[in-house]
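Peer 1: sequence first, then the predicted structure, then my questions.
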Amino acid sequence: MKANIGSIDRIIRALLGLVLVLAPFVSGLALFAEPAWMWGSVVVGVVLIATASISFCPLYAPFGLSTRKPDGR
């Protein structure tokens, strides 16, 4: 598992993940009154936080995508 997520991508994923995890519980939006939306938001948020923390996105891998800067060797 080779890291394929760069620093800016990690920050964006972590922040967006945090917002998606917290939104159903603190926003008071009617959208999150439906359990499917609430749990969907939490699951997507956890996945984003997890991929940010391990610097690997399984969806990038099959396409050979990477936002990580190449090593300067």
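Peer 2: On my side now, so go ahead. Numbering: from 1, shown residues only.

Peer 1: give me the phi and psi for Glu34.
Peer 2: When quoted as degrees, to the nearest 10, the phi and psi of Glu34 stand at phi -80, psi 120.

Peer 1: give me the nearest residue to the residue nearest the centre of the chain, chain neighbours excluded.
Peer 2: Geometric centre of the chain, nearest residue: Leu48, 1.7 Å, by Cα atoms, centre = their mean. In space, Leu48 comes closest to Gly17 once its chain neighbours are excluded; the distance is 3.3 Å by Cβ to Cβ, 6 or more residues apart in numbering. C-betas here are computed from N, CA, C, even on glycine.

Peer 1: roughly how far apart are that neighbour and Gly6?
Peer 2: 16 Å (Cβ to Cβ, to the nearest Å).

Peer 1: thinking again about what came up before, what about the residue nearest to Leu48, which SS state?
Peer 2: Assigned state for Gly17: helix (three-state reduction, DSSP: H, G, I helix; E, B strand; the rest coil).

Peer 1: neighbour count winner among Gly17 and Gly6?
Peer 2: Gly17 (21 against 14; other Cβ atoms under 10 Å).

Peer 1: how far away is that one from Ala52?
Peer 2: For Gly17 relative to Ala52 (Cβ to Cβ), the value is 7 Å.

Peer 1: can you map out the strands along the protein?
Peer 2: Counting by DSSP state E, no segments of the chain form strands.

Peer 1: pLDDT weak spots in it?
Peer 2: 72-73 (pLDDT under 70).

Peer 1: quick one, phi psi at Thr67?
Peer 2: According to degrees, to the nearest 10, Thr67 has phi -100, psi 0.

Peer 1: an error on my part: the question was meant for Pro70.
Peer 2: With angles defined as degrees, to the nearest 10, Pro70 shows backbone torsions of phi -70, psi 150.

Peer 1: count of neighbours near it?
Peer 2: By other Cβ under 10 Å, 6 other residues sit near Pro70.
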